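Visitor: Sharing a model prediction with you, sequence too.
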Amino acid sequence: MASSVPPTAPPGLPPRILRQAAAMMRAISHPARLRIIELLLKQPLPVGELALAMRMPPHLVSGHLKELRVVNAVSFKRDGRQKLYRVASPEAAMIFRCIQRNYFTNLTFQDGEAI
């Protein structure tokens, strides 16, 4: 005879949380977006200063910021005519610090450059 007890939810994280985590990791999984997170963890910056620091055209930096805003990894506040961007997600900061801790400490350097 079949049991009338409904199946229990599988153990582990709820699917909604897994989807949110996957979306965050997809958004920050580009080298330029990781650099943006790194720079913004130091201080809030406008697009122009991010572009200079990254040696990248401002329109490309803006596109990367848009991807990060979609998942709420970064946010901005207006400062006059500029938007100052900052890291808004503790999860994005933690993911970056995990990458920094696990990859930077294992780098090999030659002539001051990571190889």
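Guide: Thanks, I have it.
Visitor: which other helices and strands contact the helix or strand that contains residue 48?
Guide: When secondary structure is defined using DSSP states H and E, the element that contains residue 48 is helix 47-54. Helices and strands touching helix 47-54, by 3 or more Cβ pairs under 8 Å, 6 or more residues apart in numbering; DSSP states H and E, are helix 31-42, helix 58-70, strand 82-87. To be clear about C-beta, it is placed using only N, CA and C from the backbone, and glycine gets the same treatment.
Visitor: Now do the second one and helix 47-54, the angle between them.
Guide: It refers to helix 58-70. 110 degrees (axes from the mean of the first three to the mean of the last three Cα atoms, to 10 degrees).
Visitor: I'd like to check the angle between the next helix or strand after helix 58-70 and helix 31-42, please.
Guide: Toward the C-terminus, helix 58-70 is succeeded by strand 74-79 as the next helix or strand (DSSP H and E). Calculated by the same axes, to 10 degrees, strand 74-79 forms an angle of 60 degrees with helix 31-42.
Visitor: now for strand 74-79, which elements pack on it?
Guide: Under the contact rule (3+ Cβ pairs under 8 Å, 6+ apart), strand 74-79 is packed against helix 31-42, helix 58-70, strand 82-87.
Visitor: what about residue 96, how many neighbours?
Guide: As a burial measure, residue 96 scores 21 neighbours (other Cβ atoms under 10 Å).
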